[in-house]
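J.: got a predicted model here, sequence first, then my questions.
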Amino acid sequence: MGLNLFAVKKRCQNYDITIFQTPKYGENKGYERVYRMKMEAAGHDEALHHVFCTFNVSDRVPRDYEARFILTGDIVLIDEVKRGQTYYKLLSGGWTKINRVHVR
């Protein structure tokens, strides 16, 4: 039985990604925008995976990024412009969708 490549491949979309962190690790208030970038991915899960892999490996971190590595408690905003905004918080079990109220 052959593999249907059309069923496996998902169409990539352009996302505007913003990373929020607190001034000190472990705090749960006072989130500030620390980085913004554009990204192409085949969905939110792929975008979040790319963000995590990029901002946790020294050789992959962009030169203009001045914040700490992505850690538990950090928030990522995925803005799809016409389709709206979605916030995710990194918890010990992975990325979890949250309400924007958590970002101050």
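T.: In hand now; what should we look at?
J.: dihedrals phi and psi, residue 81?
T.: Backbone torsions of residue 81, given as degrees, to the nearest 10, read phi 50, psi -90.
J.: would you list every one of the strands in the chain?
T.: Here the chain has its strands, by DSSP state E, at 13-21, 32-41, 75-79, 85-91, 94-98.
J.: reformat those as a markdown table; add mean neighbour count, distance to residue 61 and mean pLDDT.
T.: For every residue, glycine as well, the C-beta is placed using N, CA and C. Shown next, in a markdown table, are the strands of the chain (neighbours: other CB atoms under 10 Å; distance: least, CB to CB, whole Å; pLDDT from 0 to 100):
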| stretch | mean neighbour count | distance to residue 61 | mean pLDDT |
| --- | --- | --- | --- |
| strand 13-21 | 18 | 11 | 95 |
| strand 32-41 | 14 | 10 | 95 |
| strand 75-79 | 20 | 15 | 96 |
| strand 85-91 | 16 | 16 | 95 |
| strand 94-98 | 13 | 19 | 96 |
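J.: make TSV out of these and add distance to residue 50.
T.: Shown next, in TSV, are those (distance: least, CB to CB, whole Å):
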stretch	distance to residue 50
strand 13-21	9
strand 32-41	6
strand 75-79	10
strand 85-91	13
strand 94-98	12
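J.: figure out which of the ones you listed is closest to residue 62.
T.: Closest approach to residue 62 among the strands of the chain is made by strand 32-41 (7.4 Å; CB to CB).
J.: kindly export that closest one (C-alpha atoms) in PDB.
T.: The C-alpha trace of strand 32-41 is given here as PDB (Å, rounded to 0.1, in the frame of the first residue of the first chain):
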ATOM      1  CA  GLU A  32       6.900  41.700  29.000                       C
ATOM      2  CA  ARG A  33       7.300  41.300  25.300                       C
ATOM      3  CA  VAL A  34      10.900  40.100  24.700                       C
ATOM      4  CA  TYR A  35      10.900  39.100  21.100                       C
ATOM      5  CA  ARG A  36       8.800  39.300  17.900                       C
ATOM      6  CA  MET A  37       9.300  37.500  14.600                       C
ATOM      7  CA  LYS A  38       7.500  36.100  11.600                       C
ATOM      8  CA  MET A  39       7.400  32.400  10.900                       C
ATOM      9  CA  GLU A  40       6.000  29.900   8.400                       C
ATOM     10  CA  ALA A  41       4.600  26.700   9.800                       C
END
